[in-house]
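*Asks:* based on what follows, work out the 3D shape:
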Amino acid sequence: MKINWGTGIVIAFIAFISFILYFVINMNINTKYNHDLVTEDYYKQELEFQQDIDKETNAKHLVQNIEWKKINEGITLTFPENIKPESITGKVFLYRPSNKQLDFETTISLSNHNLLIPDKRLLDGRWNIKVDWQYNGKSYLYKKEIIY
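*Replies:* This next block holds a predicted model:
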């Protein structure tokens, strides 16, 4: 049997479409490729975006903002020295972009303007730190992408 140009083009199209469909189906079925949203409550966070912008603006107007430092015990977050640490409330959220099972949240409890995030909770790699804190009725937000 002789294959002419038309038959060859049709066979090539069918092979190409089959190849693409195989990868599309494989990506959707295989649990190794997780297609979750960045966070579970993505749309709720989108509605609160303006509040986050206002909190970040408040933080930029501080004389000194939060600073982070990697030490042997983990990561220390140092809050501004000119405010009373006992008046600070809020939460610290650490987000791991590559694995949502490693994400965790902790409340702020300071000792001498410092908050320690223990090394045992952190793996090497990229982390996003989000500190949502309040002081004297005013809200602040600190975001930082770090490599641990």
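
*Asks:* check contacts around residue 130.
*Replies:* Each residue near residue 130 by CB atoms under 8 Å, 6 or more residues apart in numbering is listed here: 92, 93, 94, 95, 141, 142, 143. Every C-beta, even on glycine, is put in place using the N, C-alpha and C of the backbone.

*Asks:* quick check: it is in a helix.
*Replies:* No: assigned with DSSP: H, G, I helix; E, B strand; the rest coil, residue 130 falls outside any helix and is strand.

*Asks:* state the pLDDT value of it.
*Replies:* With respect to pLDDT, residue 130 has a value of 93.

*Asks:* which phi and psi values does residue 50 adopt?
*Replies:* Main-chain torsions, residue 50, degrees, to the nearest 10: phi -60, psi -40.

*Asks:* can you give me the strands in the protein?
*Replies:* 67-71, 74-78, 88-95, 104-107, 114-118, 126-135, 138-147 (DSSP state E).

*Asks:* between those strands, which one is closest to residue 19.
*Replies:* In terms of CB to CB, the element of the strands of the chain nearest to residue 19 is strand 126-135, at 33.1 Å.

*Asks:* report the distance from the closest one to the chain centre.
*Replies:* Here strand 126-135 is found 10 Å from its chain centre; the criterion is CA atoms, centre = their mean, to the nearest Å.

*Asks:* just give the strands next to that strand in its sheet, each with its orientation.
*Replies:* Strands that pair with strand 126-135, judged by DSSP bridges, come out as strand 88-95 (antiparallel), strand 138-147 (antiparallel).

*Asks:* got a markdown table for those strands, with distance to residue 62 too?
*Replies:* Below are the strands paired with strand 126-135 laid out as a markdown table (distance: least, CB to CB, whole Å):
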| stretch | distance to residue 62 |
| --- | --- |
| strand 88-95 | 12 |
| strand 138-147 | 7 |
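
*Asks:* closest to the centroid, which residue in this protein?
*Replies:* Nearest residue to the geometric centre of the chain (CA atoms, centre = their mean): residue 95, 3.9 Å.

*Asks:* is it correct that that residue is in contact with residue 105?
*Replies:* No: here residue 95 does not reach residue 105: they are 9.4 Å apart, not a contact under CB atoms under 8 Å.
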